[in-house]
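S.K.: Whatever this is, show me its structure:
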Amino acid sequence: MVSNSEIKQKTPEDWNKIGNTHMSSQEYDKAIDCFYNAIKLNHDYVEAWVNRAKAYIAKDEDDKAFECYEEATKINPNYFGGWLGLGAEYVKRKKYDDAIECLDKALKLDPNSPMGWNYLAKAYAAKKQYVKAIKNFEKAIYFNPKIPEIWISLGNTYTKAHDWNVLGAKASEKDIYMKAIDCYKEVIKIEPDNKKMWNKIGDIYHIANQYSKAVECYKKINEHDKIIQIYEEISGPEKIIARSKLENALDSKLADSKTPKDICEIGTMFAIQGFYDKAIETFMIASKIDPTFIDAFDSLGQVFFMKKDYNNIIKTYEDILKIDPDNTSALNNIGTAYFYKSDYEKAMDYYQHAINKNEKDSLIWMNRGNVYAAKEVYEKAVECYKEALKIGNLDNATTRTVKDLLDFINNYFI
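M.R.: Numbering: from 1, shown residues only. All right, here's what the predicted structure looks like:
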């Protein structure tokens, strides 16, 4: 802060000009101080009040901005900037009737203001008076068609209207979608690198079931997840073609992925869609990038389970044990692979090793019971199943399975 004597060495206009220079440099606190100095020299200097409000807005201090705009309208009711700013602040506060009253006053003072019409349109849109909102956005665009914010707001209004009669009685739902798309395309003409607009356009085409056009938009901004979502949604005769395109979309996302975690997520998508070989290849890429990333090996093992490739299951989970010798999940999965290979002795060895590491894992006790049941040692099987239920951390479906196994053994073998 400068002293009173230093403040008086400059005129209010000087301080206002210096404040604007600080605003251009995004030095908002310094700007606020300068505008305050101007006001201190001349309380009725309305331009400084409005500029100070803008500086507060830049700092997200809307309450202070509101006070400045309000003071500006009291000092000079014929100053356009005061009413415009106050109206915009009322829109933020969702006091739309107050906003409309202020903006009407602003537009009487300057009927050619694009931002005046823009904020007025926003207030009407928020009140769901879409016809008035659209007309006011169009007026704003007439006075300045190069402001992206206005085109975006108009496009958003079309997408929110849900009533295409705003375009006339003969308009269709497709017509209102196309109007919104035209608005977002105007933004792209002004800001060619605006990825959000391609995303919005793609979303509208998606909603309208125009999948190929939606995919074209998403490809421009590498929105792989949305492309994948579209191909997953397609059903009927087009499903075969969509699956091929889905695989290509996953490949594209994989090419842009760098971390083992991201790569594994894509591998999981391949697996879910039944692209098992692609999933295996993807998980192997992740494991090579980070040979200690257990999730990659575990996911790989799960795909081998889907393919019933028991030898590779064993090899994969042995790789995990090299990283973490106490990994009971790996021990359990190796035991299960040996169980499916009917090598019950090795299966039992791994289950016992796992129980030695963690005797409170009910799934391992259940699997151990399965080995005893397969070997027709039913008393031991029952003991294991009961222990699994006693521990009690199985999901509902597995709990039901264990109970059914107990009932079956008790009814037919004991």
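S.K.: can we go C-alpha only for contacts and neighbour counts from here?
M.R.: Noted.
S.K.: Give me the below-cutoff pLDDT ranges for the stretch 51-200 of the chain.
M.R.: 162-171 (pLDDT under 70).
S.K.: hey, where'd the helices end up in it?
M.R.: All helices of the stretch 51-200 of the chain, identified by DSSP state H, counting those that start in this stretch, fall at 62-75, 80-92, 96-109, 114-126, 130-143, 148-161, 173-190, 195-207.
S.K.: So what touches the third one?
M.R.: What that stands for is helix 96-109. Applying C-alpha atoms under 8 Å, 6 or more residues apart in numbering, the contact partners of helix 96-109 are 78-84, 86-91, 113, 116-117, 119-120, 123-124, 126-127.
S.K.: List the residues that contact K64.
M.R.: K64 neighbours (C-alpha under 8 Å, 6+ apart): 53, 56.
S.K.: that older thread, are any of the contacts of helix 96-109 buried, and which?
M.R.: Taking 16 or more other C-alpha atoms under 10 Å as the criterion, what is buried in these is 79-84, 86-91, 113, 116-117, 119-120, 123-124, 126.
S.K.: Show the backbone phi and psi for E359.
M.R.: phi -80, psi 0 (degrees, to the nearest 10).
S.K.: and it, how many neighbours does it have?
M.R.: For E359, the count of nearby residues is 16 (other C-alpha atoms under 10 Å).
S.K.: how far away is it from M366?
M.R.: Per C-alpha to C-alpha, to the nearest Å, E359 is found 12 Å from M366.
S.K.: Also Y310?
M.R.: Applying C-alpha to C-alpha to Y310 and M366 gives a distance of 20 Å.
S.K.: repeat for N209
M.R.: Taking C-alpha to C-alpha, one finds N209 at 48 Å from M366.
S.K.: More neighbours: these two, which one.
M.R.: M366 (27 against 13).
S.K.: Go ahead and confirm the more buried one touches Y385.
M.R.: Yes - between M366 and Y385 there is a contact at 5.3 Å, judged by C-alpha atoms under 8 Å.
S.K.: Overlap in contacts, the two.
M.R.: Joint contacts of M366 and Y385 (C-alpha under 8 Å, 6+ apart) are V402.
S.K.: State the pLDDT value of the residue nearest to P260 when sequence neighbours are not counted.
M.R.: Residue nearest to P260 in three dimensions, not counting chain neighbours: A286, with 4.5 Å by C-alpha to C-alpha, 6 or more residues apart in numbering. Each residue has a pLDDT score; the one for A286 is 97.
S.K.: Report the contact partners of A286.
M.R.: Per C-alpha under 8 Å, 6+ apart, neighbours of A286: 259-261, 263-264, 293, 296.
S.K.: give me the element it is part of.
M.R.: helix 276-289 (DSSP states H and E).
S.K.: Tally up the residues packed near the closest residue to I57 other than its chain neighbours, please.
M.R.: Spatially, and ignoring its direct neighbours in sequence, I57 is nearest to A65 (6.1 Å; C-alpha to C-alpha, 6+ apart). When neighbours are defined as other C-alpha under 10 Å, A65 has 25 of them.
S.K.: Which strands and helices lie in contact with the helix or strand hosting Y218?
M.R.: Using DSSP H and E, Y218 falls within helix 211-220. Applying 3 or more C-alpha pairs under 8 Å, 6 or more residues apart in numbering; DSSP states H and E, one finds that helix 211-220 makes contact with helix 195-207, helix 224-233.
S.K.: Can you tell me which of the contacts of A286 are buried?
M.R.: The buried subset of the contacts of A286 (16+ other C-alpha under 10 Å) comprises 260-261, 263-264, 293, 296.
S.K.: Farthest-apart pair in these, please.
M.R.: Across those, no pair lies farther apart than I263 and F293, at 11.6 Å, counting by C-alpha to C-alpha.
S.K.: I'd say C264 and A296 touch.
M.R.: Yes - the pair C264 / A296 is scored as a contact, 6.2 Å apart, by C-alpha under 8 Å.
S.K.: and for these two, which residues touch both?
M.R.: Contacts common to C264 and A296, judged by C-alpha under 8 Å, 6+ apart, are 283, 286.
S.K.: can you list the domains in the chain?
M.R.: Domain assignment of the chain by automatic domain parsing yields the ranges 145-221, 338-414.
S.K.: follow-up on the earlier one: just the helices and strands packed on helix 211-220: most buried one?
M.R.: helix 195-207 (a mean of 20; mean count of other C-alpha atoms under 10 Å).
S.K.: How far off centre is that helix?
M.R.: 14 Å (C-alpha atoms, centre = their mean, to the nearest Å).
S.K.: and it, what does it pack onto?
M.R.: helix 173-190, helix 211-220.
S.K.: Looking at those helices, which is nearest to I234?
M.R.: helix 211-220 (8.8 Å).
S.K.: hmm, who's touching the closest one?
M.R.: 198-199, 201-206, 224, 226-227, 230.
S.K.: thinking again about what came up before, run the chain-centre distance for the helix holding Y218.
M.R.: Counting by C-alpha atoms, centre = their mean, helix 211-220 comes out at 18 Å from the chain centroid.
S.K.: so it versus helix 195-207, what angle?
M.R.: Angle, helix 211-220 to helix 195-207, by axes from the mean of the first three to the mean of the last three C-alpha atoms, to 10 degrees: 160 degrees.
S.K.: mind starting the numbering at 10 from now?
M.R.: Sure, I'll start counting at 10 from here, so that last one is helix 220-229.
S.K.: and helix 220-229, what's its mean pLDDT?
M.R.: What helix 220-229 shows for mean pLDDT is 94.
S.K.: Number of residues surrounding V391?
M.R.: Neighbours around V391, by other C-alpha under 10 Å: 23.
S.K.: hang on, the earlier thing: how close does the residue nearest to P269 get to K317?
M.R.: From A295 over to K317 (counting by C-alpha to C-alpha), the distance is 22 Å.
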